[in-house]
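Q: Just the structure for this:
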Amino acid sequence: MKIFQLQSSKLPEPVTFEYNSKGLLTAFKSTGLSEEQLKWVYEHFPVNVQSIEILRKSKKLNFVEVKVEITFEDFFRNYSALYGERVEKKKSLQIWNRMSVAHRFLAYEFIPRYFKRCQRLKVAPKMPKTYLHQEPWND
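A: Now for the predicted structure:
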């Protein structure tokens, strides 16, 4: 996941754009923009990360990337909500701590698709420790 903020002294507060691991826009947040400012944003809407780079260069806009790190608590809360119980937290944490930041992000992003795949194939989802160890997001 990547998050960019459009910052300007002409804006009441930064406009936030969130992108998934494929670089596609998943969320847009703004408050306090005038009708004219909103119109401009919609006309130049950066639907993917490449659009951000083009706007940075052509319009000389100040897009700042916000660093995002997925914590173990974020992962475990999200996984447990779909799994239905909170099991093997300590063992899962040990595996999580050995993972790179990139792998943590992939593991977190893949959770919803993994549970949908399990439903489609009519198989029980793995415990969080096994999920992290087997890395199904790489299949």
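
Q: Figure out how far the helix or strand hosting Arg77 is from the centre of its chain.
A: Secondary structure from DSSP states H and E places Arg77 in helix 72-83. Computed by CA atoms, centre = their mean, to the nearest Å, the separation of helix 72-83 from the middle of its chain amounts to 14 Å.

Q: Give me the contact list for stretch 76-83.
A: Contacts to stretch 76-83, defined as CB atoms under 8 Å, 6 or more residues apart in numbering, come from residues 86-87, 89, 92-93, 108, 111-112, 115, 125, 127-128, 131. All C-beta atoms are positioned from the backbone trio N, CA, C, and that covers glycine.

Q: Quick one: mean pLDDT over it.
A: Here stretch 76-83 scores 92 as its mean pLDDT.

Q: CA atoms only: put the helix holding Arg77 into PDB for me.
A: Extracted C-alpha coordinates of helix 72-83, given in PDB (Å, rounded to 0.1, in the frame of the first residue of the first chain):
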ATOM      1  CA  PHE A  72       1.900  -7.300  13.600                       C
ATOM      2  CA  GLU A  73      -1.200  -6.100  15.600                       C
ATOM      3  CA  ASP A  74      -2.700  -4.800  12.300                       C
ATOM      4  CA  PHE A  75      -2.000  -8.200  10.700                       C
ATOM      5  CA  PHE A  76      -3.200 -10.300  13.600                       C
ATOM      6  CA  ARG A  77      -6.400  -8.300  14.200                       C
ATOM      7  CA  ASN A  78      -7.300  -8.500  10.500                       C
ATOM      8  CA  TYR A  79      -6.500 -12.200  10.100                       C
ATOM      9  CA  SER A  80      -8.300 -13.100  13.400                       C
ATOM     10  CA  ALA A  81     -11.400 -11.200  12.400                       C
ATOM     11  CA  LEU A  82     -11.800 -13.400   9.400                       C
ATOM     12  CA  TYR A  83     -10.400 -16.600  11.000                       C
END
